[in-house]
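# Pasting the sequence and the predicted model now:
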2 protein chains.
Amino acid sequence: MSGRPAPLSGFPEWLPADRIVEQHLLDRLRRTFELYGFASIETRAVEPLAQLLRKGEIDKEVYLLRRMQAEESEADAGLGLHFDLTVPFARYVVENSGKLVFPFRRYQIQKVWRGERPQDGRFREFTQADIDVVARGELPLHHDAELALVMADALGALPIPPVRIQINNRKVAEGFYRGVGLADPAAVLRAVDKLDKIGPVKVRALLVAYTGASGAQADACLELATITGTDASVAERVRALGVADPMLDEGLEELVAVLDAAAGHAPGVVAADLRIARGLDYYTGTVYETLLVGHEDLGSICSGGRYDNLAGTGDERYPGVGLSIGVSRLLSRLVGRGLLNASRAVPTCVLVAVAAEESRTACNTLAATLRRRGIATEVAPHADKFGKQIRYADRRGIPYVWFPGPADVGTDEVKDIRSGDQAPADPATWVPPEADLHPTVSGSD
Amino acid sequence: MSGRPAPLSGFPEWLPADRIVEQHLLDRLRRTFELYGFASIETRAVEPLAQLLRKGEIDKEVYLLRRMQAEESEADAGLGLHFDLTVPFARYVVENSGKLVFPFRRYQIQKVWRGERPQDGRFREFTQADIDVVARGELPLHHDAELALVMADALGALPIPPVRIQINNRKVAEGFYRGVGLADPAAVLRAVDKLDKIGPVKVRALLVAYTGASGAQADACLELATITGTDASVAERVRALGVADPMLDEGLEELVAVLDAAAGHAPGVVAADLRIARGLDYYTGTVYETLLVGHEDLGSICSGGRYDNLAGTGDERYPGVGLSIGVSRLLSRLVGRGLLNASRAVPTCVLVAVAAEESRTACNTLAATLRRRGIATEVAPHADKFGKQIRYADRRGIPYVWFPGPADVGTDEVKDIRSGDQAPADPATWVPPEADLHPTVSGSD
């Protein structure tokens, strides 16, 4: 390596202090997910291409693998990196269905890869944190409300701005489009999905040009997308548009039931917004998006939906519902704007100063005493002058420097290098203030 | 998905109970690493191919990436998945050197990929847990001893059999081979590296056939490889072979210094074994292997070494030393043989029984009370008969079922479904026994 390597666009890496922020977020998410009884799994990074392409739309973004020395006929030639955690999870459930207890609740925090053009908040490699519940046979609708509330709780436990969870139901959209007389609801959905990006005028033009909609039909679809609300009034406003369809009725019933269940437990957290479409083809009912208040331009930071047909074998159905937090998107925005900060870049609380190389073994023993008591401790790498060792601790962000006393006297002292206070201390009993024991993360708590 | 998908050979996935074991190991490793002041980083999964191939030997195992819809000329055509965490780390250090404080101590727990033929303990995707210290300029030798002791501590804190850390020094081998009169020490090292696989007779034949060694020279190399020990006597035995070379002297001095420093702090943990070669070309001094007692056939579960020349720019050197635990190898052996077990497959401690769907909101509120107190709680998915709900908890491994009392009476009861004991309980004060709060992992503690 002769020159300095440059970063790869779309493949973010964190410096240690920002990684501490990420770990803090992931630890808190894990804690919340486990409190709700979600078990952790990880799936392999690769899936057979046929598995990845089952839902079509995203195929252009898949990274394919090839072993450098592979023969043309190698079996692993047909592998690609997963682009989300839902498709691999559905495969895992079917593969292991005999060994799982249903409804199966799992969380999964892993990297995913998409060959997209990198831009603000969009990466080629990024971390997702997913929760899903999958049943064998039927999955009760109350899980659709439950998962939104779990995510509200999980996101609310992070030191980030408040969030707004918005839901819709695919059956409402699809039923309405059918009821209006449009033959290809999926095409309509794809056009409506572009509302945030291109606005209603252009979406209307798309609808007329590509879905066979008349101007009146397109206007009805756009009218539907303006409806929002937190209770049964949403359904009344849809019905007031005068469109009738059995699937629309079913969707409205589900939508209102999820709103009611969510409001019953945590009022104000979940609202309906009929503009929401979600691009992925596998959703069949409830769909979710989540906006970070004050950062709406970032797009959804936690999305998902109900998928009744993603997983199955010949004789069994495995309907599921899940949500996925875009951890990298969230983190890059908040860290990038200085809204999330770690108190220091190292886990270390104490640096043991080394007076001379001959005393390094004694310093190691002292450090071991502190570590046994849960205090993260390093021993200074060089027996420099103490002033230099203190500056080393300062540059690393280590708050305390420990000066071992001469072996036969035992008058150790510890210095808080921020205040300069120095006092006698015993490694068997000294404790730092709680706020100094581990790095802390500050944000919008 | 019409049929049941089959596992992909070489890409292991864990069921939830075994994933709990893995998380337990990783949590403990992280804790130990942080107690020693190692900061976490993660690097992207991909590196430019030129970066991956810098050390040559492993090139046949690299997975290359290609975007499915990529043009021939795409910039990301030259990317491959990393096959270890050392090469990416070295690149990260040079790329970010202006933002890091040296010596930089980091741990890194991530998946790596190698296109190898899968076999027992060898995977195509596996998890490594690495620690490294990298300096700018010079890295003191005491870090070579320190890192072995950190790993001894980290592995000793896991519920696994005891380990033996064995070290050698590249300078000893290379200096000795030169001193014997062999011109290509790297070729000799590669042959000696096969000792465990093919035995001394075949290695001797390789040495004679491919390195230009005479029978006597080959015998001397094999003789060197038989030497083991825990102190300066190792150097004496090497010198007794009558080979003189300045690099050999330097290597023996380093080897004994590392042994002495390790013994000074933790006698018996680290021993020299001059058979150890380590295949990777980038090691320049100390090399490490680690055997799991009773599972020596598994090969090394924690390996590494000193690399003085892996990272650098035109004007700066970044020598480092590090060790890497093969977490997947360790886990697959111990879990596969039933030597590591989780007490249950779910984080859940309590299942709240639901008497009727109308009471689900009240059950959710009760569950929230338990969760706020750190007790992982699920609400039953169906308002079945209580017997069926208890069987559901039993199948999932949830130890307690909570029966909410009628709203106006408030006489909740909780049942330990293992003993059948049932007693009145208040969600605001009830605590499970410590051993039931979270899943526990049992092994060879």
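Received the coordinates, thanks.

# Now the residue of the stretch 101-250 of chain A at minimum distance from chain B. Nearest residue, chain neighbours left out?
Using C-beta to the nearest C-beta, the single residue of the stretch 101-250 of chain A nearest to chain B is residue A:115, 3.7 Å away. No exception for glycine: its C-beta is placed from N, CA and C like everyone else's. In this structure, residue A:115 finds its nearest non-sequential neighbour in residue B:67, 3.7 Å apart by C-beta to C-beta, 6 or more residues apart in numbering or on different chains.

# likewise residue A:383?
Spatial nearest neighbour of residue A:383, chain neighbours left out: residue A:354 (4.5 Å); criterion: C-beta to C-beta, 6+ apart.

# try residue A:189
Leaving aside its chain neighbours, residue A:189 sits nearest to residue A:277 (5.0 Å; criterion: C-beta to C-beta, 6+ apart).

# Spit out the contact partners of residue A:325.
When contacts are counted by C-beta atoms under 8 Å, 6 or more residues apart in numbering or on different chains, residue A:325 is found next to A:29, A:128, A:129, A:130, A:151, A:154, A:155, A:301, A:302.

# can you list the weak-confidence ranges in the stretch 51-200 of chain A?
Applying pLDDT under 70 to the stretch 51-200 of chain A flags residues A:55-60, A:70-77.

# hey, where'd the strands end up in it?
Counting by DSSP state E, counting those that start in this stretch, the stretch 51-200 of chain A has strands at residues A:63-67, A:79-81, A:104-113, A:125-134, A:163-169.

# Compute the number of surrounding residues for the residue nearest to residue A:383.
Neighbours of residue A:354 under the rule other C-beta atoms under 10 Å in any protein chain shown: 23.

# a helix runs through it, doesn't it?
No - under DSSP: H, G, I helix; E, B strand; the rest coil, residue A:354 sits outside any helix and is assigned coil.

# Is the residue most central in space within chain A bridged to anything, and to what?
Geometric centre of chain A, nearest residue: residue A:325, 2.7 Å, by C-alpha atoms, centre = their mean. Taking DSSP bridges as the rule, residue A:325 bridges to residue A:129, residue A:302.

# how about the strands of the stretch 201-350 of chain A, start to end?
Under DSSP E, counting those that start in this stretch, the stretch 201-350 of chain A gives strands at A:228-229, A:270-273, A:286-292, A:302-307, A:320-326, A:341-342, A:350-352.

# State the distance from residue A:417 to residue A:369.
Distance, residue A:417 to residue A:369, by C-beta to C-beta, to the nearest Å: 21 Å.

# no wait, residue A:234
63 Å.

# So the two - more neighbours on which side?
Counted by other C-beta under 10 Å, residue A:234 and residue A:369 do not tie: residue A:234 has more neighbours, with 23 against 14.

# My guess is that one contacts residue A:270. True?
No - Residue A:234 lies out of contact with residue A:270 (C-beta atoms under 8 Å); the separation is 11.6 Å.

# Residues of the stretch 251-400 of chain A that sit close to chain B?
Residues of the stretch 251-400 of chain A lying near chain B by C-beta under 8 Å from any C-beta of the partner chain: A:261, A:264-265, A:311-314, A:345-348, A:357, A:360-361, A:364-365, A:368, A:371, A:374-379, A:381-382, A:392, A:395-396, A:398.

# Which of these fall within helices?
Among these, DSSP state H puts A:261, A:264, A:265, A:360, A:361, A:364, A:365, A:368, A:371, A:392, A:395, A:396 in helices.

# Pull out the buried residues from those.
Listed as buried from those are A:261, A:265, A:360, A:361, A:364, A:365, A:368, A:371, A:392, A:396; burial here means 16 or more other C-beta atoms under 10 Å in any protein chain shown.
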